[in-house]
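Peer 1: One predicted model, sequence on top.
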Amino acid sequence: MTEERRLIWRKPVEALNKIAGKQHVPWYFASGFILFWCLLFFGIVILYFYCLPTALTLEDEGKNVFIAERAYRNLYNLSNIGIKISGTDKNEVEAVNFLLSELEKIKDNLQNELFDMEIDRLQASGSFLVNSALRVYQGVQNIVVKISPKNTTSETYLLINSHFDSESGPGAGDAGFMIVTMVEVLRVIATSKQPIQHPIVFLFNGAEEGGLQASHGFITTHRWAPFCKAVINLDSAGSGGRDVLFQSGPNHPWLVEYYKRYIKHPFATTMAEEIFQAGIIPSDTDFRQFKTYGQIPGLDMAQCINGFVYHTKFDTINVIPRESLQNTGDNILGLVRGLANATELNNTEAHKDGHAVFFDFLGVYIIHYSEATGKYINFGVAGTIFILIMVSMWRMANVSHVTYSYIIRWFIFLLGIQISSFVLALTLPILISYVMDSFGLSLSYYSTPLLVFGLYVCPSLIGLTVPLTIFFSLQRNDKLSNHYHLQLALHCQAVKLALLTVCLTLLDIRSTYIFVIPLGFYAVSLVLNLMTILHDLGYAWIVLLKTSQIIPFLYSSYVFYILIVVLIPMGGRTGTSSNPDIIIAALAALGTILSLGFLVPLINTFRRPSLVIFALLAVTALSVILASGTQLGFPYRPKTNGQRIAYLEVRNKFYDYDGQLTKDESGYLMMFEDRRRELPLLDSKVNLSNMVSLKSRCERHMMCGMPLINNRCLVHSECSWIPRSEPVEPPQPTTLELLSKRITDATTVRFEFNLTGPINMRLFIKPEEDI
């Protein structure tokens with residue numbers, strides 16, 4: 001031990017307390033501390049998240065690269081066709097002809113000495129079960145293209161899929177964006193001299209929106225489907241921005257390795273995968289069909305930014321920057337080339353090896369490892385933290401000339417305070433979301449996302465700050481210095497995260513890595529402080545602590561910002577039965593805890609830390625006022641943030657068992673898709689005076705006695721009915737004719753019907769009880 005270190009260890013604790021007291025920084029320097037982390041967030045996190053590559057033009061043609069200008073031109077032509085509902089001429093004729101024309105142009109310029117290219121047009125029919133309903137389709141179209149190495153004998157194909165049909169608008173983002181990306185990727189591969197080992201199948205499917213029919217038709221009936229060994233599925237829940245990898249495998253971590261190796265602009269997280277698979281996101285993709293009916297592993301990728309225009313007439317090319325196409329095109333081109341030369345395709349079952357943990361850091365680099373490795377890392381970091389904290393407390397006891405049990409008692413006391421801080425930090429934002437919702441003010445941040453900071457982040461910071469600030473303002477202990485108390489408080493934060501890490505790892509939650517990142521970097525700073533005199537030299541250890549928390553702060557704020565930006569628009573279509581604010585509040589709180597959990601206690605190194613609390617209270621109060629009493633808190637804006645209301649003009653005819661018409665009614669079937677229901681329309685020109693809930697009908701009639709758009713009405717009684725006096729005249733009549741009735745045995749009667757009508761029909765059949 002050096003002489004300098006001996007002097008420090010022998011220094012009376014009273015002197016250390018005096019030094020620590022003098023080291024309290026004037027209160028106005030706290031603004032600089034806060035400003036530093038704000039600059040990191042806005043100058044790095046936000047900048048990197050919205051950073052997109054420069055869009056290449058036709059002048060760059062011939063370099064074997066993705067050309068965004070050409071893809072954008074194709075998107076303009078495809079989206080200008082209009083709404084492409086499966087079964088309509090715009091989808092089945094105009095869109096198909098456009099794609100076939102572009103594909104023929106590519107075939108005309110094919111590198112014939114290297115590749116063979118086949119174009120197939122499939123009209124598929126079939127059926128499959130979804131929950132308890134049988135989905136039947138007939139004549140849905142797929143355009144299938146196979147590009148193969150010349151004279152290849154390979155029977156392992158790579159499948160690339162997206163859909164060109166749309167629902168409520170031109171579908172520039174969902175999923176015309178991905179369709180033109182596939183066309184351009186095919187063009188680059190087909191016209192370049194870069195070889196591939198395995199054939200690539202490009203599936204342009206024409207019926208996804210109505211229930212994933214076309215992908216089912218391909219995977220169950222097409223002659224190339226049995227040879228497809230991996231799939232890249234491309235879809236959209238937004239328009240513009242970056243493409244996110246939100247599902248992988250399952251149980252094929254080698255696919256993520258290829259993603260890491262060949263993607264230019266990574267954007268992926270296991271958290272998105274687990275959130276999607278938990279059913280929080282109200283969407284589904286063709287990836288389900290390939291996985292269920294083809295047992296094909298793969299990668300599911302989608303556009304996810306600006307979900308406000310998803311499935312609306314505003315999903316146009318105007319909201320899509322060329323740079324976004326370049327970003328996705330670079331990624332897909334590199335990934336397709338990589339997987340088309342993957343040796344693992346020859347025997348994918350041999351490489352089936354559990355789930356993967358994966359995440360990108362600011363879109364610059366992607367980290368991945370197997371689930372098994374993740375468990376070792378999680379338990380290892382948690383165990384290391386426990387050991388380091390015990391060593392640190394032993395040092396405190398020796399330097400302060402107190403017993404180890406004395407330190408333990410203070411540690412337990414502070415652990416209780418830190419647990420209360422965690423509970424407050426998590427529950428205060430959720431409480432605000434509940435109170436706002438109870439006053440009919442949910443989704444107040446929908447058009448003004450900055451309100452999330454004041455409504456949820458600031459209350460979470462208050463929860464983290466208040467208990468410790470009260471403790472330090474009342475603490476008058478002469479045996480243990482203030483800087484040791486602060487270290488113990490941070491140790492308690494680490495123990496809390498370590499316990500969560502252990503518990504979540506035991507529950508097989510792969511997203512546990514988000515707790516391990518700040519925990520691991522805290523361990524690094526603690527090791528360095530213990531190896532030097534900084535651990536016992538007043539507040540000197542804070543320098544390493546702050547430095548070590550920069551990367552965890554950047555990552556945690558980055559990933560939770562992404563989740564909030566993606567999920568806010570989805571709150572406008574999650575239905576009326578649940579409060580979406582709770583999810584946003586919980587994410588904001590958890591992101592705050594993980595980003596700043598080791599940093600917030602440091603405000604107690606400044607004089608008058610209560611000023612920070614008062615500032616946070618002021619921001620929270622101002623945000624509540626703005627959200628509840630001004631237009632900033634009104635969720636909806638024309639074109640950019642509209643309220644979603646699905647409605648149908650309906651004519652219901654009820655018949656008795658003898659076939660006699662007993663009731664003929666017309667009206668509007670209304671389904672409000674967000675929490676505010678009809679409240680924003682009460683003072684408008686829309687007449688809702690006769691609107692009634694369908695809850696009682698749902699109890700009396702099968703499927704509520706209505707042509708339901710989806711099962712939300714049935715499960716949550718979310719639909720309403722507005723009667724009208726003028727009968728609704730459907731543009732095309734529907735007839736159901738009983739052709740025959742045959743008793744096959746004592747328990748079975750076979751009915752044969754003939755159903756005619758429009759391109760999309762739903763038939764619900766339910767036997768009466770005791771029959």
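Peer 2: Arrived safely, thanks for sending.
Peer 1: For residue 193, give me the pLDDT.
Peer 2: pLDDT recorded at residue 193 is 92.
Peer 1: which stretches of the stretch 1-150 of the chain form strands?
Peer 2: 115-130, 133-149 (DSSP state E, counting those that start in this stretch).
Peer 1: Same check on the stretch 151-300 of the chain?
Peer 2: Here the stretch 151-300 of the chain has its strands, by DSSP E, counting those that start in this stretch, at 157-163, 200-205, 228-236, 243-249, 298-303.
Peer 1: Return the set of buried residues in the longest one.
Peer 2: Residues of strand 228-236 classed as buried under the neighbour-count rule (16 or more other C-beta atoms under 10 Å) are 228-236. Heads up, the C-betas are built off the backbone N, CA and C, glycines and all.
Peer 1: Give me the angle between that strand and strand 200-205.
Peer 2: Put simply, strand 228-236 runs at 40 degrees to strand 200-205, going by axes from the mean of the first three to the mean of the last three C-alpha atoms, to 10 degrees.
Peer 1: what about residue 360, which SS state?
Peer 2: strand (DSSP: H, G, I helix; E, B strand; the rest coil).
Peer 1: how about low-confidence regions in this protein?
Peer 2: Applying pLDDT under 70 to the chain flags residues 1-24, 477-478, 710-717, 770-771.
Peer 1: quick check: domain ranges of it?
Peer 2: 3-48+372-633, 59-360, 645-731 (automatic domain parsing).
Peer 1: Between its first and last residues, how far does the second one reach?
Peer 2: Just to be clear, that refers to domain 59-360. 32 Å (C-alpha to C-alpha, to the nearest Å).
Peer 1: now swap in the shortest one and tell me
Peer 2: Length of domain 645-731, first residue to last, C-alpha to C-alpha: 22 Å.
Peer 1: next one: it to chain centre, how far?
Peer 2: The chain centre lies 32 Å from the centre of domain 645-731; the measure is C-alpha atoms, centre = their mean, to the nearest Å.
Peer 1: now do the second one
Peer 2: In terms of C-alpha atoms, centre = their mean, the centre of domain 59-360 is set 19 Å apart from its chain centre.
Peer 1: Check the first one too.
Peer 2: A distance of 25 Å separates the C-alpha centroid of domain 3-48+372-633 from that of its chain, computed with C-alpha atoms, centre = their mean.
Peer 1: And the helices in the stretch 51-200 of the chain, which stretches?
Peer 2: Assigned by DSSP state H, counting those that start in this stretch, the stretch 51-200 of the chain shows helices spanning 68-79, 89, 96-108, 177-191.
Peer 1: Need the winner for burial among the ones you listed.
Peer 2: helix 177-191 (a mean of 25; mean count of other C-beta atoms under 10 Å).
Peer 1: for it, packing partners?
Peer 2: Secondary-structure packing of helix 177-191 (3 or more C-beta pairs under 8 Å, 6 or more residues apart in numbering; DSSP states H and E): helix 68-79, helix 96-108, strand 115-130, strand 133-149, strand 157-163, strand 200-205, strand 228-236, helix 322-339.
Peer 1: what lines up beside the shortest one in the sheet?
Peer 2: Paired with strand 200-205 in the same sheet, following DSSP bridges, are strand 133-149 (antiparallel), strand 157-163 (parallel).
Peer 1: will you turn the ones you listed into a markdown table that also has mean neighbour count and distance to residue 454?
Peer 2: A markdown table is the format used below for the strands paired with strand 200-205 (neighbours: other C-beta atoms under 10 Å; distance: least, C-beta to C-beta, whole Å):
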| stretch | mean neighbour count | distance to residue 454 |
| --- | --- | --- |
| strand 133-149 | 19 | 44 |
| strand 157-163 | 28 | 39 |
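Peer 1: need these in a markdown table with distance to residue 398, can you?
Peer 2: Output for the strands paired with strand 200-205, formatted as a markdown table (distance: least, C-beta to C-beta, whole Å):
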| stretch | distance to residue 398 |
| --- | --- |
| strand 133-149 | 70 |
| strand 157-163 | 63 |
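Peer 1: Nearest approach to residue 47 belongs to which of these?
Peer 2: Smallest distance to residue 47 across these (C-beta to C-beta): 29.7 Å, for strand 157-163.
Peer 1: Compute the inter-axis angle for the closest one and helix 322-339.
Peer 2: 160 degrees.
Peer 1: ok, back up a step: of the strands of the stretch 151-300 of the chain, give the one that comes closest to residue 752.
Peer 2: The nearest among the strands of the stretch 151-300 of the chain, by C-beta to C-beta, is strand 200-205 at 31.4 Å.
Peer 1: Give me the contact list for the closest one.
Peer 2: Strand 200-205 is contacted by residues 99, 140-148, 157-165, 179, 182, 186, 189, 214-215, 218, 224, 228, 286, 336, 340 when judged by C-beta atoms under 8 Å, 6 or more residues apart in numbering.
Peer 1: CA atoms only: put that strand into CSV for me.
Peer 2: The C-alpha coordinates for strand 200-205 follow below in CSV (Å, rounded to 0.1, in the frame of the first residue of the first chain):
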residue,chain,number,x,y,z
ILE,A,200,-34.1,-16.4,-54.8
VAL,A,201,-37.9,-16.3,-54.9
PHE,A,202,-39.5,-12.9,-54.9
LEU,A,203,-43.2,-13.2,-53.8
PHE,A,204,-45.3,-10.1,-54.6
ASN,A,205,-48.6,-11.1,-53.0
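Peer 1: That one to helix 177-191, inter-axis angle?
Peer 2: 150 degrees.
Peer 1: Would you reformat the helices and strands packed on helix 177-191 as CSV and include distance to residue 526?
Peer 2: As requested, these are exported to CSV (distance: least, C-beta to C-beta, whole Å):
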stretch, distance to residue 526
helix 68-79, 48
helix 96-108, 59
strand 115-130, 52
strand 133-149, 55
strand 157-163, 47
strand 200-205, 51
strand 228-236, 43
helix 322-339, 39
